[in-house]
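In: Sharing a sequence plus its predicted fold:
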Amino acid sequence: MTPAPTKQQLVERSLERAADILGDITAPLMARYYAAHPAAADSFAHHGLGRRDLLEAEMVGNVLYCLMTWFERPEEIRIIFYDSVPHHADTLKVGADWYGGMLDTGIALIEETLPTDAADERAAWAEMRDGMAAAIARAQTL
């Protein structure tokens, strides 16, 4: 009998499928993100210093890193959030709703590529979303 895949393996399977279906997710992720957080577009333009595209690519890369690493090294991602969320809020005036919104948008984009019968993958992504939301909420109190 084959053992059930780990949550990390489920996430990797989902990400590989999404890459095959979507290719580079930067443009669709940012379009959805800006649709949900319209004022964030001005913030990206301001903080991108004339190269908004590079800042967008960097932030999407950070999202993917967090998604790929959450189940393998959750404490590392929590530490990143505990440092980054207050910095974004205090220095860049980027609230936790925008920060978490970027992660949530990435998760939603991946979830849309899941087959309808992939309950195990859906459960892993839901658990990740909840865990990341809790870590971001905790980061706001630090």
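Out: Received the coordinates, thanks.

In: which residues touch the helix or strand of the chain with the lowest mean pLDDT?
Out: Least confident element among the helices and strands of the chain, by mean pLDDT, DSSP states H and E: helix 39-47 (a mean of 82). Here helix 39-47 makes contact (Cβ atoms under 8 Å, 6 or more residues apart in numbering) with 33-34, 52, 55-56, 59, 92-94, 98, 101. In short, each C-beta sits where N, CA and C put it, glycine included.

In: Relative to the whole chain's centre, how far out is it?
Out: Relative to its parent chain, helix 39-47 has a centroid offset of 18 Å by Cα atoms, centre = their mean, to the nearest Å.

In: again, but for stretch 93-100
Out: 12 Å.

In: begin at 15 from here
Out: Sure, I'll start counting at 15 from here, so that last one is stretch 107-114.

In: Buried residues of that stretch, list them for me.
Out: Within stretch 107-114, the residues scored as buried using 16 or more other Cβ atoms under 10 Å are 108, 110, 112-114.

In: C-alpha coordinates for it, PDB please?
Out: In PDB, the C-alpha atoms belonging to stretch 107-114 read as follows (Å, rounded to 0.1, in the frame of the first residue of the first chain):
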ATOM      1  CA  LYS A 107       2.500  52.100   5.300                       C
ATOM      2  CA  VAL A 108       1.400  48.700   3.900                       C
ATOM      3  CA  GLY A 109      -1.200  47.200   6.200                       C
ATOM      4  CA  ALA A 110      -1.600  43.500   7.100                       C
ATOM      5  CA  ASP A 111      -4.700  43.400   4.900                       C
ATOM      6  CA  TRP A 112      -2.600  44.100   1.800                       C
ATOM      7  CA  TYR A 113       0.200  41.800   3.000                       C
ATOM      8  CA  GLY A 114      -2.100  38.900   3.700                       C
END
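
In: And for residue 29, the neighbour number?
Out: 16 (other Cβ atoms under 10 Å).

In: got the buried residues for the helix or strand encompassing it?
Out: Per DSSP states H and E, residue 29 falls inside helix 21-36. Buried residues in helix 21-36, counted by 16+ other Cβ under 10 Å: 21, 24-25, 27-29, 31-32, 36.

In: I'd like those residues as JSON lines, with distance to residue 83 and pLDDT appended.
Out: Below are these laid out as JSON lines (distance: Cβ to Cβ, whole Å; pLDDT from 0 to 100):
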{"residue": "21", "distance to residue 83": "12", "pLDDT": "97"}
{"residue": "24", "distance to residue 83": "14", "pLDDT": "97"}
{"residue": "25", "distance to residue 83": "9", "pLDDT": "97"}
{"residue": "27", "distance to residue 83": "16", "pLDDT": "97"}
{"residue": "28", "distance to residue 83": "14", "pLDDT": "98"}
{"residue": "29", "distance to residue 83": "11", "pLDDT": "97"}
{"residue": "31", "distance to residue 83": "18", "pLDDT": "97"}
{"residue": "32", "distance to residue 83": "16", "pLDDT": "96"}
{"residue": "36", "distance to residue 83": "20", "pLDDT": "95"}
